[in-house]
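In: Would you be able to build a 3D model of this:
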Amino acid sequence: MLVELPTKQGRTFRGIIEDFLASFKELHKSLLPAYETTEGKAAYDLTLASLQENFPQYVRELQGTADGAHVPFHHLMLLHMDQIVPMNSGQERSSGTNGCSSVCVNHDGQVLLGHTEDALPDTLNHVYLVSAHITEEEPQGKWGTRSEGFTALCYAGHLPGFCMGYNHHGLVFSINIISPQKVLAGKTPRHFLCRALLSSKTMEKAQQILRDRGTGSADGFSVNMSFTRQEGDHLFHNAEVGPVQDTEESELSILTLSPGEHLLHTNNSNHRHTRAHDCCPPETRTALLALLSDTHDTTFPFFREGGDPDFVKTVALGVFDLVEKTWTIWMKNPRTADPLLTLPLLFTWSD
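Out: So this is what the prediction gives:
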């Protein structure tokens, strides 16, 4: 099942994946040149060996996607080591303005997670949704995974889980990248931890996956998540994950959002926090959408159009409504465009 699904995914999206790899400047100007250096190839090999030991099922998943799309496996794997290989080959840490914005709203009758998927301009129109149910006869990887069911937005050629999505156990989440000063080879790339997160059945398991005891994260990211089936009050959690040089586990910091609260997570942007302070508090769906679609700050807006100096583009905007159990996605600014689609959130325990 695990081989058939990604091979089918690769075949289905072959044109999008091929076009993305051909046009993605970061691959040709940074990742492949770094891979050709002695230090970069060593970082790649060390990290791949760790993944083959801890998450062999996801390495096979990526291999199946490459086979189905008829593209080189190492090109896809490099997308998942986007900081590990360049930084360990001597390239400087990216000084770009990459990073998404997420808003969690936990108010009476308004339980929402909104997210702008912000990426390099070449990623525009190179995204798709993957909905899958995977079963295995034997436990897979370090966490003994046997069954997974999820729907996730994916960049072309990437593993599911790195953007936003949900699983059939009731986990809903979005991902924001964090750029640490040092990225560590031989540890687990954030893309693979996010992929593993799609298997989580509980908050305890999600924390275990993110902590990744025995290895630890290679780079940094933030998870905004909620388990929609839990006893007591509804809660959101923001988990920030980072690498630690001499410790075989991730650094993990978790903030819990209680009823009556909301949270904005946006990377390295005083502009956006200042603008959010001037807007209506995002306590409703309308206010949340107004904030994430805002372009008032022409230098660093929330909904990003790839200008100067903020060259990043918003390639999708999503809102999870955990009361209505829906996921609505826009590909253009909601202020001027209708949603592309609204999906039901399908959980294994739903009536």
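In: Now do residue 237 against residue 260, distance only.
Out: Distance of residue 237 to residue 260, given as CB to CB, to the nearest Å: 16 Å. Backbone N, C-alpha and C define where each C-beta goes, glycine included.
In: whoops, residue 16 was the one
Out: In this view, residue 16 and residue 260 are 42 Å apart by CB to CB.
In: what about the two, which has more around it?
Out: residue 16 (17 against 10; other CB atoms under 10 Å).
In: I figured the more buried one hits residue 128, correct?
Out: Yes. Residue 16 is within contact range of residue 128, at 6.4 Å (criterion: CB atoms under 8 Å).
In: Next, show the common contact partners of those two.
Out: Common neighbours of residue 16 and residue 128, using CB atoms under 8 Å, 6 or more residues apart in numbering, are residue 156.
In: Ends of stretch 271-286, what's the gap?
Out: 21 Å (CA to CA, to the nearest Å).
In: Which positions in it come out as buried?
Out: By neighbour count on 16 or more other CB atoms under 10 Å, the buried set for stretch 271-286 is 271-272, 275-276, 282-285.
In: From the residues you listed, pick the one nearest residue 110.
Out: For the buried residues of stretch 271-286, the residue nearest residue 110 by CB to CB is residue 284; the value is 5.3 Å.
In: Next, the contact list for that closest one, please.
Out: Neighbours of residue 284 in contact, by CB under 8 Å, 6+ apart: 105, 107, 110.
In: do residue 304 as well
Out: Here residue 304 is in contact with 116, 118, 310, 312-314 (criterion: CB under 8 Å, 6+ apart).
In: Recalculate using a threshold of 6 Å.
Out: 118, 310, 312-314 (CB atoms under 6 Å, 6 or more residues apart in numbering).
In: name the element residue 225 belongs to?
Out: strand 220-227 (DSSP states H and E).
In: following that strand, which helix or strand comes up?
Out: From strand 220-227, the next helix or strand downstream (DSSP H and E) is strand 236-242.
In: That following strand: how far from the chain's middle?
Out: Distance of strand 236-242 from its chain centroid, counting by CA atoms, centre = their mean, to the nearest Å, is 13 Å.
In: and that strand, which strands flank it?
Out: If you go by DSSP bridges, strand 236-242 pairs up with strand 220-227 (antiparallel), strand 251-257 (antiparallel).
In: List the neighbours of the longest one that are in contact with it.
Out: For strand 220-227, contacts defined as CB under 6 Å, 6+ apart pick out 102, 104, 170-178, 180, 190, 203, 236-242, 265.
In: Equivalent analysis for stretch 331-342, please.
Out: 289, 293, 303, 316, 326, 328-330.
In: Would you agree residue 131 is in contact with residue 152?
Out: No. If you go by CB atoms under 6 Å, residue 131 and residue 152 don't touch, sitting 8.0 Å apart.
In: out of the two, which sits in the busier spot?
Out: With neighbours defined as other CB under 10 Å, residue 131 and residue 152 compare such that residue 152 has more, 23 against 12.
In: a strand runs through that one, doesn't it?
Out: Yes. Looking at residue 152 with DSSP: H, G, I helix; E, B strand; the rest coil, it is inside a strand.
In: Okay, strands next: where are they in this protein?
Out: Secondary structure of the chain (DSSP state E): strands at 101-107, 110-119, 127-140, 145-155, 164-167, 171-178, 220-227, 236-242, 251-257, 261-266, 313-321, 326-330, 341-344.
In: Quick check: can you name the pairing partners of the last one and their directions?
Out: In other words, strand 341-344. Short version: by DSSP bridges, strand 341-344 pairs with strand 326-330 (antiparallel).
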